[in-house]
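Any chance you could fold what I've pasted below:
(4 chains)
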Protein chains: 4
Amino acid sequence: MTQPSERDAQPSPEVAVIVGGGPGISASCARLFADSGMRVAIAARNPEKSALQNLERTHRVRRYACDASEPAAVALLFQSVVRDLGAPTLVVHNIDGRVPDIFRKGITEADAMLAFETVRNSAFSAFLIGQQAARLMLENKPNANGAKGTIIFTNASAALKGFPLSGAFAMACQAKSGLAQSMARELMPQGIHVASVPIDAAIGWTQEDGSRMHRLAGMTVDDNMADPDRIAEMYLQLHRQHRSTWAFEVVLRPWLERW
Amino acid sequence: MTQPSERDAQPSPEVAVIVGGGPGISASCARLFADSGMRVAIAARNPEKSALQNLERTHRVRRYACDASEPAAVALLFQSVVRDLGAPTLVVHNIDGRVPDIFRKGITEADAMLAFETVRNSAFSAFLIGQQAARLMLENKPNANGAKGTIIFTNASAALKGFPLSGAFAMACQAKSGLAQSMARELMPQGIHVASVPIDAAIGWTQEDGSRMHRLAGMTVDDNMADPDRIAEMYLQLHRQHRSTWAFEVVLRPWLERW
Amino acid sequence: MTQPSERDAQPSPEVAVIVGGGPGISASCARLFADSGMRVAIAARNPEKSALQNLERTHRVRRYACDASEPAAVALLFQSVVRDLGAPTLVVHNIDGRVPDIFRKGITEADAMLAFETVRNSAFSAFLIGQQAARLMLENKPNANGAKGTIIFTNASAALKGFPLSGAFAMACQAKSGLAQSMARELMPQGIHVASVPIDAAIGWTQEDGSRMHRLAGMTVDDNMADPDRIAEMYLQLHRQHRSTWAFEVVLRPWLERW
Amino acid sequence: MTQPSERDAQPSPEVAVIVGGGPGISASCARLFADSGMRVAIAARNPEKSALQNLERTHRVRRYACDASEPAAVALLFQSVVRDLGAPTLVVHNIDGRVPDIFRKGITEADAMLAFETVRNSAFSAFLIGQQAARLMLENKPNANGAKGTIIFTNASAALKGFPLSGAFAMACQAKSGLAQSMARELMPQGIHVASVPIDAAIGWTQEDGSRMHRLAGMTVDDNMADPDRIAEMYLQLHRQHRSTWAFEVVLRPWLERW
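Numbering: from 1, shown residues only, chains lettered A, B, ... in the order given. As a prediction, this is how the structure comes out:
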């Protein structure tokens, strides 16, 4: 039996919060972070999805229901995580935010309220998550790398360039990017690593039956999709960077992507 | 007395719509556009301000009450302008959108709803104005420069860089910038010139009593403020560019500004 | 007959120096600047080209032989211009610098010495021209716009993005762009307007026989080429900007260009 | 004694080439790459420096004399490495290229030939090294990550922004950056990972006597310098990325750096 003194001597595991419950990046992050010894919370609108239940079973991932664009819901999420698992040192925001009916719509055709909903889902939820994460992390003690915590915002190529037929998504992605820049300049000198990771690709992943899937309907599944397990690896590397050499933005794209 | 045939032979004047009723860029644009022979409409939440009444008196500027972040209000604005003055060929969006209580607030202190209000005021109103302007302009015939119209979005240096203590403003400005990029790539090949003009400076102007004023409270009034009359000049030059050589983004800054 | 006192009262004409003797932007600038009342000098490796001789005849443009990548030749050029026409207030660098054999060459095939020659022709000549122009302009008195002079660097889309099969040109264009940025931050607070104008297009122009020509061999002549007369207009507008609102970079591209 | 069959079963070690012999990033890379099982070559103008001799002794690093701005010398370097160690899969270009007398010189004061020397030392050597590396790597078989090799260009913040009083360095850094962009777009679809890593900081390192040193003379040694061991870590992570998720540019800066 472990002695109390021995237990105290062990560092308590880190706590990671992943916001967005998709089967791609969020699931890959959950598995990798758990395998690296972290306690992992995942927040999603619908945490009852079987993929998330699987993560709970296989990786002890804790599931939380949360509409991340609601201030009260986000505050409650972080309170619950602190109570259940402890104060987080790694928070990842993976919400894309597009509603299906806004896809490939020209500026003259797009439904204005759906456009605004896209911004709310993506950028405003990033603000709320980032705000709560920052409040908690500023209370953390610096770790061996001099960091109080890491906040990562997944983004898309629309963060770098506003494409035609996607004005609403360009608004949302660049809003999120602007927020990340401001937070980085504000929080990095206070010991919190803020990073923005635009993925310039469709995201592919392997289904339970072994077949290869991707995030965007209607696209050909080929060799040119980003592997979410590799994205999760990058996130862990960012989290482990020493504060002497922090990267703010890392764009990940497949070898065949044109840019 | 003018003969009907003579009147028909004259080209009808262009129609310009200026959204945002401030005493700086909007007023300068209104004066310059009117002096250049255009019929000018100005839309503001409160069109009863004495500065706008003066513009009506001195430059026949037509005033419209409009909350530009309300879809129905924006649709009505453009219907009214078309009915009163004709179809616009130049639309300028000058709304900054910051509510006073969001100024210089760190991410942990900022009121989330005010942050979202800032995005709504600035970027969402730009979406609504841009959408209505595009719908009308696509129906215009190309002019001698091959253009069906010009849509200009005034922006700030936060569009280029997210500064600390201004996460909400960075979201709003970069959202507006992303929208402008998407609209430019979509609409320029259809003959509409879309331009984004970040002003990397405080805006100064001369009051009626001759004293020098500026837009941001608490700043020293000095030689390093942008002159809104010169900004309006740039807008007119952009509007008159031939479609063979359109500029999308022009950053204007005073000579002493650091960047 | 004009009295001496009257002559003194007249402002002496401005002096413009155009470096690079091509039939596109340089010729358009020469005509426009001369038509605007400036004394114009044009410097080219071979000033005996018939196009330049025509400019001399029609617009009193003064021609100078100059290899702009040779320090001594550039120093001599400016001495000669000052002696012949007066101190310049507008200097435009139009040299592209590509040698034919470097076009569309992959990194593994490109001749290294030709690559370096490209950098020398383009970026190093920009350094030499910018240095001499700055030395002279710092001695000028500010004009009505508060400016001692304007230095404009024409550039290409490779300044914004390094394309495949053109590593040497990307080096040259981005070197020139970096120089322009540094000079702008250094010289604008001293009253000299430095501007960079990447042209994201092929340049078209009208030949003496009325046919339409373009700069790059092997491209289809169509509606999507930049008109050098319009580029020259932009340059004159940049030169006339008030120092309260200087633009550093203006990218010009045709309406149909993809970017 | 090892049996031949056993030796064949073992994968042969990777070969890394580091160009530039400084005590900061180059030495850290050499140690880390060697500790990771690679055979390491280091090329420097003066390979007899004691720091490099130490690396040979402690990490079996092979030293080569090479003026990397000479085409023939660079060709010979790679021939020698292939002969001595094998074909490289990782090549790092660390040359800064500034000659001391060009530091903090305004455009009007800078010696033009030293400015050009800076571009030659930095960007042209990057072209030569990149060219030879690409030629060799295209012949490699893809590894488990689908990559034939990795070429990394260390750069500085001047790659991102041309600062005043450093026009020559801005030219050199942005030329190198443009080259890297072009090479990435050209070579990544052929299986070679090209990356650019601007270090937005002074580089610090620990001397043999334990004292903390930095690269730039005259700067205060403080907590805000990049640790070259951490930079080397990033390089190894870049080298090990799967081709499904390659990063092209990673800017590294200390937590207290303003940007």
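
residues from the stretch 1-150 of chain A in reach of chain B?
Remark: the part of the stretch 1-150 of chain A in contact with chain B comprises A:71, A:106-108, A:110, A:112-113, A:115-116, A:119-120, A:123-124, A:127-128, A:130-131, A:134-135, A:138, using Cβ under 8 Å from any Cβ of the partner chain. For the C-beta atoms, the positions are set from N, CA and C on the backbone; glycine is no exception.

Looking at these, which are in helices?
Judged by DSSP state H, the residues of the stretch 1-150 of chain A next to chain B include A:Pro71, A:Ala112, A:Met113, A:Ala115, A:Phe116, A:Val119, A:Phe127, A:Leu128, A:Gly130, A:Gln131, A:Ala134, A:Arg135 as members of helices.

which among the residues of the stretch 1-150 of chain A next to chain B end up buried?
Under a neighbour-count criterion of 16 or more other Cβ atoms under 10 Å in any protein chain shown, the subset of these counted as buried comprises A:71, A:106-108, A:110, A:112, A:115-116, A:119-120, A:123-124, A:127-128, A:130-131, A:134.

biggest separation within the ones in helices among the residues of the stretch 1-150 of chain A next to chain B, which pair?
Set against one another by Cβ to Cβ, these have their most distant pair in A:Ala112 and A:Arg135, with a gap of 33.1 Å.

what number of residues lie near the spatially closest residue to A:Lys49 that is not a sequence neighbour?
In this structure, A:Lys49 finds its nearest non-sequential neighbour in A:Gly21, 6.2 Å apart by Cβ to Cβ, 6 or more residues apart in numbering or on different chains. Number of residues near A:Gly21 (other Cβ atoms under 10 Å in any protein chain shown) recorded here: 25.

From A:Cys66, how far off is A:Gly21?
9 Å (Cβ to Cβ, to the nearest Å).

now do A:Gln181
Counting by Cβ to Cβ - A:Gln181 and A:Cys66 are separated by 25 Å.

if we can go back for a sec, reformat the ones in helices among the residues of the stretch 1-150 of chain A next to chain B as a markdown table; add pLDDT.
Formatted as a markdown table, these follow (pLDDT from 0 to 100):
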| residue | pLDDT |
| --- | --- |
| A:Pro71 | 98 |
| A:Ala112 | 96 |
| A:Met113 | 95 |
| A:Ala115 | 96 |
| A:Phe116 | 96 |
| A:Val119 | 97 |
| A:Phe127 | 98 |
| A:Leu128 | 98 |
| A:Gly130 | 98 |
| A:Gln131 | 98 |
| A:Ala134 | 98 |
| A:Arg135 | 98 |
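
Identify, from these, the entry nearest to A:Ile102.
Scanning those for proximity to A:Ile102, where the rule is Cβ to Cβ, the winner is A:Ala115, at 6.2 Å.

D:His93 versus that closest one, what's the distance?
Separation of A:Ala115 from D:His93 (Cβ to Cβ) stands at 45 Å.

And for A:Ala126?
Applying Cβ to Cβ, the value for A:Ala126 to D:His93 is 36 Å.

what do you get for A:Leu55?
42 Å.

Who has more neighbours out of those two?
Neighbour tally, A:Leu55 and D:His93, criterion other Cβ under 10 Å: the higher count belongs to D:His93, 27 against 24.

wait, the more buried one sits on D:Asn155?
No: under the criterion of Cβ atoms under 8 Å, D:His93 lies out of contact with D:Asn155, with a separation of 9.2 Å.

Please, where are all the helices along chain A?
Listed in chain order, the helices found in chain A under DSSP H are A:4-9, A:25-35, A:50-59, A:71-84, A:112-119, A:125-137, A:167-187, A:228-239.

Can you mark which positions in the second one are buried?
If I follow you right, that is helix A:25-35. Buried-residue list, helix A:25-35, by 16+ other Cβ under 10 Å: A:Ile25, A:Ser26, A:Ala27, A:Ser28, A:Cys29, A:Ala30, A:Arg31, A:Leu32, A:Phe33, A:Ala34.

Any stretches of the stretch 101-250 of chain A with poor pLDDT?
Screening the stretch 101-250 of chain A residue by residue with the criterion pLDDT under 70, one finds the ranges A:206-223.

Residue numbers of the stretch 151-259 of chain A in contact with chain D?
Residues of the stretch 151-259 of chain A that fall close to chain D, judged by Cβ under 8 Å from any Cβ: A:185, A:188-189, A:191, A:193, A:199, A:201, A:204, A:225-227, A:230-231, A:234, A:237, A:241-256, A:258-259.

A:Lys105 and chain B, how far apart?
Counting by Cβ to the nearest Cβ, to the nearest Å, the separation of A:Lys105 from chain B is 10 Å.

Count the residues that sit near that residue.
The local packing of A:Lys105 (other Cβ under 10 Å) involves 17 other residues.

Quick check: beta-bridge partners of it?
Partner residues in beta bridges with A:Lys105, using DSSP bridges, are A:Ser166.

In contact with it, which residues?
Under the criterion of Cβ atoms under 8 Å, 6 or more residues apart in numbering or on different chains, the contact list for A:Lys105 reads A:Asp111, A:Leu165, A:Ser166, A:Ala168.

hang on, isn't the third one packed against A:Arg104?
Translated: A:Ser166. Yes: the criterion here is Cβ under 8 Å, and A:Ser166 meets it with A:Arg104 at 7.2 Å.

Of these two, give the one with the bigger neighbour count.
Per other Cβ under 10 Å, whichever of A:Ser166 and A:Arg104 has more neighbours is A:Ser166, with 26 against 12.

who's in contact with A:Val119?
If you count contacts by Cβ under 8 Å, 6+ apart, then A:Val119 has A:Gly97, A:Ala168, A:Met171, A:Ala172, A:Ala175, B:Val119, B:Ala123, B:Phe124, B:Ala175 around it.
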